[in-house]
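*Asks:* Got a predicted structure here, sequence first:
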Amino acid sequence: MRFISRSGTMTVAVGAGLSLAVLPTGSASAAEDIQVRCNDIPGLVDAIDQADTSGARITLAPRCTYTLTTPDNPDDGLPEITGEVTISGNGSTIRRDPDATESFRIFHVVSGGTLTLKSLTVTGGLSSNSGGGALNEQGTLNLNDTVFKENSAVTGGGVSNNGGQLNLERTTVERNTAASFGGGVLNNGNGTTTMKRGSLLRNRAVTSNGGGFENQVGTATLESVSVRGNIAIEGGGIRNVNGSTVNLKSTTLKENIAVRGAGLSNLSTTFGNATATLVDSLVTRNTAITAGGGIDNQAGQVTLTNTKVIDNTPDNCAPEGSVPGCTNPTAAMDAPPTQKLQPGDDIKDPE
């Protein structure tokens, strides 16, 4: 293995024997595991630069916090991902320093790049554009056992996937904020997002839509995901628009809030018909100010299969009759009582 600690231009390598060799930085092989010492930001930058060209794996110190005080480039806290980079966090955190004077996101994957994050928390990113925690532009971003929390951007507060492939496995996207749309995740530009066994919790789109998830001209599949406590103008939990497709399986939309379409907003426009399919799922206890407490389907297509849309306020689906199999109560409903959110307590794993 190799320990990266950039204090000069040399890197200390520990071989299989008892001797120590001093080798030039940049000579890592594809099979190597580069160890980065706790909060060694120059070492982390060097490791990413090496992995971008060699494909070497990066391992962080266990349960450590890596604090970025300044950006690596004008928009990003760390070097752009241009090659194939894997970072194993060992329960560690990479964050933007709360006292940093400059705005920057944490990760940026560019076209052709692949970034895989494992057992890592990404927090505090602040972008004046898109993707507060991470921006994936026509690359591939894999998030495994990872947490994106308390990041902010104009769009895609937590993660923005623009024309790329975004895969989330057992990942939580929590308390992220977008000034415009996509508080938790933004999927657009014909991007594809797949999320399994994770949570979109308490994210917010402050002045626009898609509190938990905004799907614009994209394809998204969520399986065994809890979408809870998110807030937006339209689509508190999820908004699906502009010819996009969203498929939900064994997924719960609960306790989300919006002006319209608190659980799900499905909106067709001149860009195309939006299609939403919900299988073995539950839409419940969401609250809209005007209509579509559970689902707001504006000229799109929503298909329910073994799915319940119940106990939403002020109605389950709007307009009346727009979602086959969804019925509204005949009497006015009281707003549901406030409950403490318990991540994952309503997730049903697929059989």
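*Replies:* Okay, I see it.

*Asks:* Quick check: which element contains the residue nearest to residue 156 when sequence neighbours are not counted?
*Replies:* Closest residue to residue 156 apart from its sequence neighbours, by CB to CB, 6 or more residues apart in numbering: residue 186 at 3.4 Å. For glycine as for every other residue, the C-beta is placed from the backbone atoms N, C-alpha and C. Assigned by DSSP states H and E, residue 186 belongs to strand 185-188.

*Asks:* Run through the stretch 1-150 of the chain and note the low-pLDDT ranges.
*Replies:* Residue ranges of the stretch 1-150 of the chain with pLDDT under 70: 1-31.

*Asks:* Show me where it has its strands.
*Replies:* 2-4, 10-14, 20-24, 33-36, 57-60, 65-68, 84-96, 107-109, 114-123, 134-137, 140-144, 147-149 (DSSP state E, counting those that start in this stretch).

*Asks:* In JSON lines: the ones you listed, plus distance to residue 252.
*Replies:* Compiled in JSON lines, those are given as follows (distance: least, CB to CB, whole Å):
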{"stretch": "strand 2-4", "distance to residue 252": "42"}
{"stretch": "strand 10-14", "distance to residue 252": "48"}
{"stretch": "strand 20-24", "distance to residue 252": "52"}
{"stretch": "strand 33-36", "distance to residue 252": "37"}
{"stretch": "strand 57-60", "distance to residue 252": "32"}
{"stretch": "strand 65-68", "distance to residue 252": "32"}
{"stretch": "strand 84-96", "distance to residue 252": "27"}
{"stretch": "strand 107-109", "distance to residue 252": "28"}
{"stretch": "strand 114-123", "distance to residue 252": "23"}
{"stretch": "strand 134-137", "distance to residue 252": "25"}
{"stretch": "strand 140-144", "distance to residue 252": "20"}
{"stretch": "strand 147-149", "distance to residue 252": "19"}
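
*Asks:* I'd like those as a markdown table, with mean neighbour count appended.
*Replies:* Converted to a markdown table, the strands of the stretch 1-150 of the chain look like this (neighbours: other CB atoms under 10 Å):
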| stretch | mean neighbour count |
| --- | --- |
| strand 2-4 | 21 |
| strand 10-14 | 16 |
| strand 20-24 | 10 |
| strand 33-36 | 21 |
| strand 57-60 | 23 |
| strand 65-68 | 19 |
| strand 84-96 | 21 |
| strand 107-109 | 26 |
| strand 114-123 | 22 |
| strand 134-137 | 28 |
| strand 140-144 | 22 |
| strand 147-149 | 24 |
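
*Asks:* just so I know, which of these lies nearest residue 179?
*Replies:* Checking the strands of the stretch 1-150 of the chain against residue 179 by CB to CB gives strand 134-137 as the closest, at 15.2 Å.

*Asks:* Mind listing the strands that closest one pairs with, and their directions?
*Replies:* Partners of strand 134-137 in the sheet, by DSSP bridges, are strand 107-109 (parallel), strand 159-162 (parallel).

*Asks:* Distance from the shortest one to the middle of the chain?
*Replies:* Using CA atoms, centre = their mean, to the nearest Å, we find the averaged C-alpha position of strand 107-109 to lie 13 Å away from the chain's own average C-alpha position.

*Asks:* cool, and the longest one?
*Replies:* Centroid separation for strand 159-162 versus its chain: 8 Å, with CA atoms, centre = their mean.

*Asks:* pLDDT averaged over that strand - what is it?
*Replies:* Averaging pLDDT along strand 159-162 gives 98.

*Asks:* Mind listing what's buried along the following helix or strand past it?
*Replies:* Once strand 159-162 ends, the next helix or strand along the chain (criterion: DSSP H and E) is strand 165-169. Neighbour-count burial for strand 165-169 flags 165-168 (criterion: 16 or more other CB atoms under 10 Å).

*Asks:* Next, count neighbours for residue 190.
*Replies:* 15 (other CB atoms under 10 Å).

*Asks:* And it, which helix or strand is it part of?
*Replies:* Using DSSP H and E, no helix or strand contains residue 190.

*Asks:* give me phi/psi at it?
*Replies:* Per-residue torsions, residue 190: phi 60, psi 30 (degrees, to the nearest 10).

*Asks:* and the gap between it and residue 244?
*Replies:* Distance of residue 190 to residue 244, given as CB to CB, to the nearest Å: 9 Å.

*Asks:* just residue 218 next, same as before
*Replies:* If you go by CB to CB, the gap between residue 218 and residue 244 works out to 5 Å.

*Asks:* out of the two, which sits in the more crowded spot?
*Replies:* Set side by side, residue 218 and residue 244 show more neighbours around residue 244, with 28 against 25, by other CB under 10 Å.

*Asks:* so what pLDDT did that one get?
*Replies:* On the pLDDT scale, residue 244 is placed at 96.

*Asks:* still on that earlier bit, how many residues are close by the residue nearest to residue 156?
*Replies:* Using other CB under 10 Å, residue 186 is surrounded by 32 other residues.

*Asks:* Residue 213 contacts residue 200, correct?
*Replies:* Yes. Applying CB atoms under 8 Å, one finds residue 213 in contact with residue 200, separated by 5.9 Å.
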